[in-house]
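Participant: here's a sequence, model it:
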Amino acid sequence: RKPANPAFWWVSDEGEEVKWSFEELGCLSRKAANVLSEACGLQRGDRVIAVLPRVPEWWLLSVACMRAGIVFIPGTSQLTAKDISYRLQASKAKCIITSDTLAPALEPVLPGSQFLKSQLIVGRGSRDGWLNLKELL
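Facilitator: Okay, the predicted model is just below:
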């Protein structure tokens, strides 16, 4: 019997691979949707800004947002503090998602966002005031 094709196959510059079957992607995206709804307190129609490099969690969170009816607003890691501040205010985003390495650059603009409720970090590190996706999954 031939193995099923992966639903998701990601390879890093260092050769690290992440392969998810359709079943695994479905299960992980349901868990991530629950994290967004429960831990982050988001509801259908709320907006999320993701400032992430193209890591597997980027795709996982975009699928999770579709499942939960949350609007996923992608942003590149090249955005400046001014760009992020503008996007937070214009979109009325209630959550920001970023990596543990990009979080320090974003933190100075976050207090100025009146709509922001939660901050989610992707990566192994932890920071005060941030929820960690890996721990919550």
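Participant: residue closest to the middle of this protein?
Facilitator: Per Cα atoms, centre = their mean, the C-alpha nearest to the average position across the chain is that of residue 97, at 4.5 Å.
Participant: so it sits in a strand?
Facilitator: Yes. Secondary structure of residue 97, determined by DSSP: H, G, I helix; E, B strand; the rest coil: located in a strand.
Participant: that one and residue 61 touch, don't they?
Facilitator: Yes. Between residue 97 and residue 61 there is a contact at 6.2 Å, judged by Cβ atoms under 8 Å. C-betas here are computed from N, CA, C, even on glycine.
Participant: so for those two, which residues contact both of them?
Facilitator: 48, 50, 52, 122, 133 (Cβ atoms under 8 Å, 6 or more residues apart in numbering).
Participant: related to what we said a few turns ago, check contacts around the residue nearest to the centre of the chain.
Facilitator: For residue 97, the contact set (Cβ under 8 Å, 6+ apart) comprises 48-52, 61, 119-122, 133.
Participant: tell me how far it lies from residue 16.
Facilitator: To residue 16, residue 97 is 21 Å away according to Cβ to Cβ, to the nearest Å.
Participant: got the contact list for residue 112?
Facilitator: Shown in contact with residue 112 (Cβ under 8 Å, 6+ apart): 85, 88-89.
Participant: show me which of those residues are buried.
Facilitator: 85, 88 (16 or more other Cβ atoms under 10 Å).
Participant: narrow the contacts of residue 112 to those in strands?
Facilitator: Using DSSP state E, no member of those falls within strands.
Participant: of the contacts of residue 112, just say which sits nearest to residue 75.
Facilitator: residue 88 (10.0 Å; Cβ to Cβ).
Participant: kind regards, and thank you for your time.
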